[in-house]
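1. can't give you the sequence, but here's the structure:
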């Protein structure tokens with residue numbers, strides 16, 4: 001009987017040891033994730049400071065020119081206004097990302113998907129000298145999506161702008177809007193160099209340099225794709241990217257047609 005008791009005690013000790021080891025592994029993994037998150041936040045803030053420092057320096061430099069000749073003064077004022085507009089866009093983008101964390105940055109209402117496709121096709125024409133093509137779209141009045149129309153337009157325009165930054169004048173950029181069962185897909189396909197496979201899995205993460213990584217860097221803060229991802233997730237959907245076999249990349253926003261409360265953040 002004493003032997004049986006010692007065996008039971010040993011089994012309990014082993015089980016307790018296993019549970020402690022598992023708890024320790026889980027705790028260490030949690031600490032690693034926290035440290036990685038803090039590091040990403042620090043990098044994010046460093047990039048914010050770097051990007052804002054440039055227009056501030058330009059503005060300060062041009063203020064010194066305001067006492068010069070009228071022609072120089074006019075050019076300086078124009079440059080200052082351009083840089084202030086750029087800083088304003090940066091701040092608005094950062095505010096959107098901050099609001100996205102609360103899930104309260106969308107104004108949901110029924111959106112005519114076919115009409116939205118036509119509006120997007122008209123809007124992208126001004127983004128650059130490209131061969132813009134609306135490849136597929138439902139007929140206006142045939143499909144309604146519960147969404148924030150203005151934010152969807154913003155997301156697709158971000159994707160289209162990204163496509164222009166990685167193509168040349170005259171290149172083809174295609175748009176598509178597809179309603180399939182319970183989902184809606186909005187996509188932009190370009191004929192550029194495609195996405196670097198080393199960063200394709202992190203392309204929508206909230207960062208500056210990685211979000212713009214292709215064959216060459218684009219201008220700006222590079223958080224346009226992070227905003228696309230935030231808007232998609234706010235609708236209960238997701239954003240994705242894949243390289244086309246024929247070249248270029250296709251960026252897709254997939255949304256539930258009528259999101260349930262459980263699908264929304």
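-> Okay, I see it. Everything quoted here is computed from the prediction, not taken from an experiment.

2. Tell me the spacing between the closest residue to residue 252 other than its chain neighbours and residue 18.
-> Counting by C-beta to C-beta, 6 or more residues apart in numbering, residue 252 lies nearest to residue 187, which is 4.3 Å off, once chain neighbours are set aside. Placement of C-beta: from N, CA and C, glycine included. Using C-beta to C-beta, to the nearest Å, residue 187 is found at 48 Å from residue 18.

3. So for the two, which sits in the more crowded spot?
-> Comparing residue 187 with residue 18 by other C-beta atoms under 10 Å, the one with more neighbours is residue 187, at 21 against 10.

4. SS state for the more buried one?
-> strand (DSSP: H, G, I helix; E, B strand; the rest coil).

5. just residue 139 next, same as before
-> Of the three states, residue 139 takes coil according to three-state DSSP.

6. how about the nearest residue to it, chain neighbours excluded?
-> The shortest distance from residue 139 to any non-neighbouring residue, by C-beta to C-beta, 6+ apart, is to residue 114 (5.1 Å).

7. Can you give me the separation between the one you found and residue 137?
-> 6 Å.

8. Repeat that for residue 18.
-> 57 Å.

9. Strands of the protein, start to end?
-> 109-112, 131-136, 144-147, 172-180, 183-190, 238-243, 249-256 (DSSP state E).

10. Now mean pLDDT and distance to residue 69 too, for the ones you listed, in CSV please.
-> What follows is these, written out as CSV (pLDDT from 0 to 100; distance: least, C-beta to C-beta, whole Å):
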stretch, mean pLDDT, distance to residue 69
strand 109-112, 94, 53
strand 131-136, 96, 43
strand 144-147, 93, 52
strand 172-180, 95, 43
strand 183-190, 96, 44
strand 238-243, 94, 49
strand 249-256, 96, 47
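
11. Now these in TSV, please, with extra columns for distance to residue 125.
-> Output for these, formatted as TSV (distance: least, C-beta to C-beta, whole Å):
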stretch	distance to residue 125
strand 109-112	20
strand 131-136	6
strand 144-147	23
strand 172-180	10
strand 183-190	14
strand 238-243	23
strand 249-256	18
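
12. mind checking which of those is nearest residue 26?
-> Distance to residue 26, taken as C-beta to C-beta, is lowest for strand 238-243 among the strands of the chain, at 27.0 Å.

13. Parallel or antiparallel, which strands does the closest one pair with?
-> Sheet pairing of strand 238-243 (DSSP bridges) gives strand 249-256 (antiparallel).

14. Walking through the chain, point out its helices one by one.
-> With helices called from DSSP state H, the chain shows them at 2-63, 70-100, 113-124, 149-165, 224-234.
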